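**Student:** Based on what follows, work out the 3D shape:
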Amino acid sequence: LGVPFRGKWKWAGKGAKGTSGPSSVAWGGYDFRIGDCVVVKSQYKTKDYLACILGFSFDGTEPMIKCGWFYLAADVPHSHRKMRDGGQSEARALSTTNREVLVSTHCDTNSIQSVKGLCHVFHEDEYSHLDQDIKKQPHTYFFRRVYDTSKGVCRSAGPEWRPR
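**Tutor:** You can find the predicted model right below:
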């Protein structure tokens, strides 16, 4: 971690079909691409957050990233910790491991300067097959649930699920 954001940035890559922006931004020797998972620093708190890059834009002064957020179980209100699968709702304990995150339906736009570096987020099926050395690396996480912030519920997520 610790991407050096001093210096020039440039758009890189061509936007995907049906999108208006570029597919990546090159900055400080790093290429950040749509779909990359990143560690994002908060302006107001000392805590770091995790996000998936959904797109790029330019606000006139600097590149911006559209972030789809991951939540830790501790970030989900207790009243929202219901699992909803197959039309049934039931309270199930969320993991207390600091490696499990929940994919959320929350997204917004932030300065690329808020990005501290890349991280890795795997579905629990992929994560379970990783070598222990990889699992122990900082900023390596897994998910198995989606937190729907508008409905206040959690539901199971398959390996194909990513923030949108």
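**Student:** Helix or strand with the lowest mean pLDDT in the chain?
**Tutor:** Here the helix or strand of the chain ranked lowest by mean pLDDT, DSSP states H and E is strand 88-91, holding a mean of 47.
**Student:** what lines up beside the helix or strand just after that strand in the sheet?
**Tutor:** Later in the chain than strand 88-91, the nearest helix or strand by DSSP states H and E is strand 100-111. Its sheet considered, strand 100-111 pairs with strand 63-72 (antiparallel), strand 140-148 (parallel) by DSSP bridges.
**Student:** Mean pLDDT for the ones you listed - can I get that in TSV?
**Tutor:** Below are the strands paired with strand 100-111 laid out as TSV (pLDDT from 0 to 100):
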stretch	mean pLDDT
strand 63-72	91
strand 140-148	92
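**Student:** partners of the helix or strand encompassing Val121, with directions?
**Tutor:** According to DSSP H and E, Val121 maps onto strand 115-123. Within its sheet, strand 115-123 is paired with strand 37-41 (antiparallel), strand 140-148 (parallel), according to DSSP bridges.
**Student:** circling back: the strands paired with strand 100-111: which one's closest to Thr46?
**Tutor:** strand 63-72 (14.7 Å; Cβ to Cβ). For the C-beta atoms, the positions are set from N, CA and C on the backbone; glycine is no exception.
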